[in-house]
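A.B. asks: 3D, please:
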Amino acid sequence: MPTQAAAPAAGQQPNGQQRHQQGGFSAVISTVLRMAVMWYVMSYMRGSQQPQPKPGQTPPAGVAAPLYSKGDLLDIYVYVSESPYMHDRSAAELVWSQQEVGLATTAERTFTYNYKPSERVKNNGTLYSHVVVARSGVDLDTPSDELPADSLFVKSHSLVSFMPRRQNKTGTNLLSEGGNFTTQKTNKTETWISYYKPNLTIALVDHFQAYQRSAIPPQLSSVLTLNADGQYYPIVYFDEFWLLRDKLLPMNSTVEEVPLHVTIKTQSFWWMQIQQQMEQSFSMQINMGIAQDGESDEVKRIFLEGNPYLLALTMAVSMLHTVFDFLAFKNDIGFWKENKSMEGLSARSIVINAFMQLVVFLYLMDNETSMVVLLSSGVGTLIEFWKVTKAMDVSLKDTFPFISVKDKASYAQNSTREHDRQAMKYLAYVLYPLVIGYSIYALVYETHKSWYSWILGSLVGAVYTFGFILMCPQLYLNYKLKSVAHLPWRQMTYKFLNTIIDDLFAFVIKMPTLHRLSVFRWVESCSLCATYSWATSQRPECMRGSLLFRHESTSVKSSFAQQGLL
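C.D. replies: A predicted model of the protein is given here:
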């Protein structure tokens, strides 16, 4: 079980900003698991071909063999010092000691120590833990030249991590005194400070296999300590896999005392490999630019805080989400690529939807959202603007604003244009006052990082809160034309299925709160369209209004058949 970190120390400002977890973690986990299993099988097969000398015996030349046997009794002493090396025990602070610890057989042991940092540690100083592992009964006060050979060894580990100071993510009130927040946006310099690690997990790895020194796996060589004869001491692994960044405590002059939770446990070799592989995979994603620094914590948080049944369900439906997302994009593009008439379709709604999608995309970028969510939003934005070129005549011109957008001839010559204009007029009466009122409320009562963030926040708040209203023009057209056969039902079906999955993800994946709540408006929209589709299919007089096939007897059911849904 992972050790939970303590509450923040005195003087620490809580970080209220939620970081955003990347979606698609199931792909990362499955890849890591496959790599770990393949590596473990290959290393096991390779190791089985190597003659295994008995522990303690001098191995053949070029062979690294274990020095201790499983179950050997050890005495473990945990010290804390500001020096990276332990030359003198008197200069270090003894935190905890345990006697007769069974090597790779002991049950988990825990202890909490209250450490009082020095002024140097408070001011970006270093701090290390030194774990002295000795055979049971060995006296540490014995002179080194009188100690039995290979009877003890020391493993050191840093208890502080240096990272940029956590920025104020909530911002400030732009109308208050000192509300000029331009300095945060223009100042690109980062202040690095020390963060204290409240957890020290000492894992005794259950692994006693001999290797050729030239063929020691890279993941293992980093934790092996060899003596002069080529034998390696017990593998002591400092497990920080479950230590999340938001549990680290920033050090400053106000910190008087911090807890140190020490754990001694036995850990399997394969689990250590999986942890190393996952950390390596996260680092590769950050270096490739497909993930942000710290997003791996959100994957770990799902395992720490999530229900295992919900986790299994989420991993299963994430695959369906990817498939439905792709099919929705594919059929949306296919519909507009083949569409030759705008009869029954609201061109103005398409333009507004493109603007809404752009606002959402910029908002997600400003809030450091997961790259997976950002990529999906970016692709959707490009598709929405491409749809504008299919719904209207878009051309370039020499004068500002350099782009000309006009109604298509087929659209301007039928009743659809008039119904669309009338719907947008009624919509403006409701939408504009709401947007202006929400913007004023957000400026007066809420905090923002900058004026740019306020503009984006106000627009995206209006999009998320009143976005359902923007779907009304198409519903108004459906009502006036007494038909829904002209709609891209296949794409809407996939989007409706995706919406159900989004409702589940909204409570699992970290994302902005407004973006989380917005998934439910699609449920309302799709439910209304489905209800209206059922209603028109039950009324013959409504079927005669279909404009897609230009036949009075065309029904919505036949439209479904044409699109392959029946």
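A.B. asks: quick one, phi psi at residue 439?
C.D. replies: Here is the backbone geometry of residue 439 (degrees, to the nearest 10): phi -60, psi -40.
A.B. asks: Please tell me I have it right and it contacts residue 456.
C.D. replies: No - Residue 439 is not in contact with residue 456 according to C-beta atoms under 8 Å; the separation is 11.0 Å. In this view, the C-beta of every residue, glycine as well, is placed from N, C-alpha and C.
A.B. asks: Neighbour count: those two, which is higher?
C.D. replies: When neighbours are counted by other C-beta atoms under 10 Å, residue 439 and residue 456 differ, and residue 456 comes out ahead with 21 against 17.
A.B. asks: Could you look up the SS state of the more buried one?
C.D. replies: Here residue 456 takes the helix state, with states given by DSSP: H, G, I helix; E, B strand; the rest coil.
A.B. asks: I'd like to know how far it sits from residue 361.
C.D. replies: 10 Å (C-beta to C-beta, to the nearest Å).
A.B. asks: In the stretch 201-350 of the chain, mark out all the helices, start to finish.
C.D. replies: For the stretch 201-350 of the chain, the helices defined by DSSP state H, counting those that start in this stretch cover 218-221, 269-288, 296-305, 308-338, 347-366.
A.B. asks: Format the ones you listed as JSON lines; extra columns: mean neighbour count, mean pLDDT and distance to residue 74.
C.D. replies: Shown next, in JSON lines, are the helices of the stretch 201-350 of the chain (neighbours: other C-beta atoms under 10 Å; pLDDT from 0 to 100; distance: least, C-beta to C-beta, whole Å):
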{"stretch": "helix 218-221", "mean neighbour count": "14", "mean pLDDT": "83", "distance to residue 74": "20"}
{"stretch": "helix 269-288", "mean neighbour count": "17", "mean pLDDT": "85", "distance to residue 74": "18"}
{"stretch": "helix 296-305", "mean neighbour count": "17", "mean pLDDT": "78", "distance to residue 74": "30"}
{"stretch": "helix 308-338", "mean neighbour count": "15", "mean pLDDT": "75", "distance to residue 74": "34"}
{"stretch": "helix 347-366", "mean neighbour count": "20", "mean pLDDT": "83", "distance to residue 74": "51"}
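A.B. asks: Could you export those to JSON lines, including columns for distance to residue 242?
C.D. replies: Below are the helices of the stretch 201-350 of the chain laid out as JSON lines (distance: least, C-beta to C-beta, whole Å):
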{"stretch": "helix 218-221", "distance to residue 242": "19"}
{"stretch": "helix 269-288", "distance to residue 242": "9"}
{"stretch": "helix 296-305", "distance to residue 242": "6"}
{"stretch": "helix 308-338", "distance to residue 242": "15"}
{"stretch": "helix 347-366", "distance to residue 242": "28"}
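A.B. asks: List the buried residues for stretch 231-244?
C.D. replies: 231-239, 241-244 (16 or more other C-beta atoms under 10 Å).
A.B. asks: Which strand or helix spans residue 441?
C.D. replies: Taking DSSP states H and E as the definition, residue 441 sits inside helix 415-445.
A.B. asks: other SSEs contacting that helix?
C.D. replies: Counting by 3 or more C-beta pairs under 8 Å, 6 or more residues apart in numbering; DSSP states H and E, the packing neighbours recorded for helix 415-445 are helix 347-366, helix 451-466, helix 472-481.
A.B. asks: between it and helix 347-366, how many degrees?
C.D. replies: Calculated by axes from the mean of the first three to the mean of the last three C-alpha atoms, to 10 degrees, helix 415-445 forms an angle of 30 degrees with helix 347-366.
A.B. asks: Need the max-distance pair from the buried residues of stretch 231-244.
C.D. replies: Taking C-beta to C-beta, the two most distant members of the buried residues of stretch 231-244 are 231 and 244; they sit 36.7 Å apart.
A.B. asks: Looks like residue 252 contacts residue 119 (just checking).
C.D. replies: No - between residue 252 and residue 119 there is no contact under C-beta under 8 Å: 11.1 Å.
A.B. asks: Between the two, which is the more surrounded one?
C.D. replies: Counted by other C-beta under 10 Å, residue 252 and residue 119 do not tie: residue 252 has more neighbours, with 16 against 8.
A.B. asks: And the more buried one, how close does it get to residue 126?
C.D. replies: Taking C-beta to C-beta, one finds residue 252 at 16 Å from residue 126.
A.B. asks: Please apply the same query to residue 357.
C.D. replies: On the measure of C-beta to C-beta, residue 357 and residue 126 end up 49 Å apart.
A.B. asks: now do residue 402
C.D. replies: 57 Å.
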